[in-house]
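[1] Sharing a model prediction with you, sequence too.
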Amino acid sequence: MSDSSSSLEFGKRLRAEREHLRLSLRQVQELSRGIAEHRKNPEYYIAHSSLADIEKGKLTTNIYKLYSLSVIYGRQYEKLATFFDVPVGEAEKDHKALVFPQTYLVGAASELGESCILSPLELRERLRSERTNLVSKILENWKDVPHALLQQMDWRDSLYGYIGMQDYTLDPIIRPGSFVQIDSRQRTVPPVNWHSDFDRPIFFFELRDRYVCSWCELHGSQLILVPTAQSRGHTRHVRYPGDATIVGRVTAITMRIAEVRESLTKGSPLT
């Protein structure tokens, strides 16, 4: 699509917003005048002729006029920006793709998505009662899903699992309250040829009554789920594929390194 045809398409979408409210060009002009006077900045004012040109794809609005339109049409500023092909939702992703010459703390300089994601405390409280599960299934029961959390996850190529707060199966390799990234394309258990626990492949399984994130061994139709020694759990033998489905291999982990809650009593779902 050419730039001119894109501008025309975006303009049509903006016009549809105006017509939905049954506003004329001059009425929008007068409403924007009030915003400009309130903000004491003439940049917020939109002449009816300018708005007509914007809707026809002949003119591009600036950040101030776009704000006025978002206020008048009752739409989020970011939503209207997408009408003009501004990839607002990709800002955090594009920031992470940049290569900076100096070492710096991740998150120290970027506030992208900060206003639309739950605070760590709020998120932790919500997840405290959740068992080990696929993140997609957890979010199905949430009425409001943190938009920025969704943006940071690669839903196209990966699944995500959450390790329940009382699930110590792979502690301390994977602590309770951790998120794991799962590659659903890797469902074949490799032979036993790892050199250390850190090299040992981790898989996410769906059993008849729960999800489990664990080391494993496959011997014919017997799937052996193996916890860490520190978890105080026991190995569990499961019929495969009758009683277990391999969701995929865990390829990345995001977890806390401090104790989540001192009063929790260790106990593995494999016991």
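    Received, thanks. Numbers count the residues shown, from 1 in each chain.
[2] got any ranges where this structure has weak pLDDT?
    1-6, 96, 100, 102-129, 138-158, 256-271 (pLDDT under 70).
[3] which helix in it runs the most residues?
    Counting by DSSP state H, the longest helix found in the chain is helix 3-20.
[4] Quick one: residues in contact with that one.
    Helix 3-20 is contacted from outside by 1, 25, 28, 51, 54-58, 60, 69, 73, 75, 80, 83-85, using C-beta atoms under 8 Å, 6 or more residues apart in numbering. Where C-beta positions appear, they are placed from N, C-alpha and C, glycine not excepted.
[5] Now do it: distance to the chain's middle.
    29 Å (C-alpha atoms, centre = their mean, to the nearest Å).
[6] swap in stretch 12-24?
    Centroid displacement of stretch 12-24 relative to its chain, using C-alpha atoms, centre = their mean, is 32 Å.
[7] Show me which residues of it are buried.
    Buried residues in stretch 12-24, counted by 16 or more other C-beta atoms under 10 Å: 14-15, 17-18, 23.
[8] and the next element down the chain from the longest helix of the chain?
    Next along the chain after helix 3-20, taking DSSP states H and E as the criterion, comes helix 25-39.
[9] and that next one, what other elements does it pack with?
    Contacts defined by 3 or more C-beta pairs under 8 Å, 6 or more residues apart in numbering; DSSP states H and E place helix 25-39 against helix 48-55, helix 63-73.
[10] What residues sit buried inside the shortest one?
    Residues of helix 48-55 classed as buried under the neighbour-count rule (16+ other C-beta under 10 Å) are 50-51, 54-55.
[11] From residue 60, how far out is the residue lying closest to residue 42 once chain neighbours are set aside?
    Nearest residue to residue 42, sequence neighbours excluded (C-beta to C-beta, 6 or more residues apart in numbering): residue 36, at 5.5 Å. Going from residue 36 to residue 60 by C-beta to C-beta, to the nearest Å gives 19 Å.
[12] do the same with residue 241
    Noted for residue 241: a distance of 57 Å to residue 60, by C-beta to C-beta.
[13] before we move on, what about residue 47?
    For residue 47, the distance to residue 60 equals 15 Å [C-beta to C-beta].
[14] what does residue 246 give?
    Following C-beta to C-beta, the distance that separates residue 246 from residue 60 is 51 Å.
[15] same check, this time on residue 244
    Taken as C-beta to C-beta, the span from residue 244 to residue 60 is 56 Å.
[16] More neighbours: the two, which one.
    Each of residue 244 and residue 60 has its neighbours counted (other C-beta atoms under 10 Å); residue 244 has more, 20 against 13.
[17] Surely that one and residue 222 touch.
    No: using C-beta atoms under 8 Å, residue 244 is not in contact with residue 222, being 10.2 Å away.
[18] between these two, what contacts are shared?
    Jointly contacting residue 244 and residue 222 under the rule C-beta under 8 Å, 6+ apart are residue 238.
[19] Is residue 225 in a helix, a strand, or coil?
    Under DSSP: H, G, I helix; E, B strand; the rest coil, residue 225 falls in the strand class.
[20] what comes into contact with stretch 56-66?
    Contacts for stretch 56-66 (C-beta under 8 Å, 6+ apart): 4-11, 32, 41, 43-46, 50, 53-54, 69, 77, 80-81, 84.
[21] Buried ones among those residues?
    7, 10-11, 32, 44-46, 50, 54, 69, 80-81, 84.
[22] export the residues you listed to a markdown table and tack on distance to residue 93?
    Shown next, in a markdown table, are the buried ones among the contacts of stretch 56-66 (distance: C-beta to C-beta, whole Å):
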| residue | distance to residue 93 |
| --- | --- |
| 7 | 25 |
| 10 | 22 |
| 11 | 27 |
| 32 | 33 |
| 44 | 30 |
| 45 | 35 |
| 46 | 32 |
| 50 | 33 |
| 54 | 28 |
| 69 | 26 |
| 80 | 21 |
| 81 | 16 |
| 84 | 19 |
